[in-house]
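# next one to model:
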Amino acid sequence: MEVSSTPFNFRGGKVPDPKTALTWSDDDGGDEVSISLDASTGEVIGANNWMETKSLPVPLSKEEALKKAISFIEPYAAKSSTEWQVEIFDPYKQPKLADWMIELNEGEGEEEEEDTGTGTYTFIFYELHDGLPVFDRYYWMKVDIESGQVFSFIVNLPEKEGTLPILKPSVTEQQAAEIVAKNLPVKLSYFWPTYKGKQAPFLTLVYTVDKSKGWPYVDAVNGTLEWGEYEE
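Numbering: from 1, shown residues only. Okay, here's the model as predicted:
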């Protein structure tokens, strides 16, 4: 793997089996490239590219970034599946600032910056079974809009595969939505907005999802609201 004409130091280390992590960095530690391999198969299951690269004359469009992502995963795509569904997350855009945020900027001598829409596109390619995504089997990556580079890549294809149920749901999507609307627990609480690490001069009253039992989902076969493990 050619990473740069600049001399690079190599350091390899074992992480919890069955993965091996390899990292290359320059002498001052400013640029770094790392890959994670499946120790049993030698397959790449993750990579990060933190190298400074030149910007493109024009930032990538969403369509161009998607083509870049597809061409990147083609060598790695599992042979067991020919169908994939992509979920696309647009670059973060700064929402319109509230008055108190503008006053905070002015108090610190800063002007509101125009959001140019640059940043990264995030893509998640889910493996499909009977036209439905299998959420624990996916490729995840980030594409930098300005450089056109894939700088972060993760493969999640568990070797142990569970038995997929027969595609015969007992409730429709609309019925599932109604079950959630009727049974989803919420809690009333105070929320203190923050901006640039500083708190607003007021608190707001909000309803949030009560996750004390876990994360809610509707069992499509039984038509019941269930609770799964919730991770922050």
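# what sits against residue 182?
Applying Cβ atoms under 8 Å, 6 or more residues apart in numbering, we find residue 182 in contact with no residue. C-beta here means a position set from N, CA and C on the backbone, and glycine is covered the same way.
# let's verify it: helix, strand, or coil?
When states are read from DSSP: H, G, I helix; E, B strand; the rest coil, the local structure at residue 182 comes out as helix.
# what about the most centrally placed residue in the chain, helix or strand, and which?
When the chain is reduced to its mean C-alpha position, the nearest residue by Cα atoms, centre = their mean turns out to be residue 122, at 6.1 Å. Element membership of residue 122, judged by DSSP states H and E, is strand 120-129.
# I'd like the average pLDDT over that strand.
If you average the pLDDT over strand 120-129, you get 92.
# and the contacts of it?
For strand 120-129, the external contacting residues (Cβ under 8 Å, 6+ apart) are 60, 62, 65-66, 69, 73, 77-78, 80-81, 83-91, 133-135, 137-145, 151, 157, 164.
# restricted to helices, list the residues you listed.
62, 65, 66, 69, 73 (DSSP state H).
# most neighbours among these, which one?
Taking other Cβ atoms under 10 Å as the neighbour criterion, residue 65 ranks highest of those with 25 neighbours.
# about what we covered before: the ones in helices among the contacts of strand 120-129 into TSV, with extra columns for distance to residue 42?
Formatted as TSV, the entries for those read as follows, by distance: Cβ to Cβ, whole Å:
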residue	distance to residue 42
62	34
65	29
66	28
69	23
73	18
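# which pair in those residues spans the largest distance?
Pairwise distances across these peak at 16.8 Å for 62 and 73 (criterion: Cβ to Cβ).
# how much space is there between residue 51 and residue 102?
Here the distance between residue 51 and residue 102 works out to 37 Å (Cβ to Cβ, to the nearest Å).
# which one's more surrounded, these two?
Taking neighbours as other Cβ under 10 Å, residue 51 and residue 102 compare with residue 51 leading, 18 against 15.
# apart from its chain neighbours, what residue comes closest to that one?
Taking Cβ to Cβ, 6 or more residues apart in numbering as the measure, residue 51 lies nearest to residue 31, with 4.3 Å between them; neighbours along the chain are not counted.
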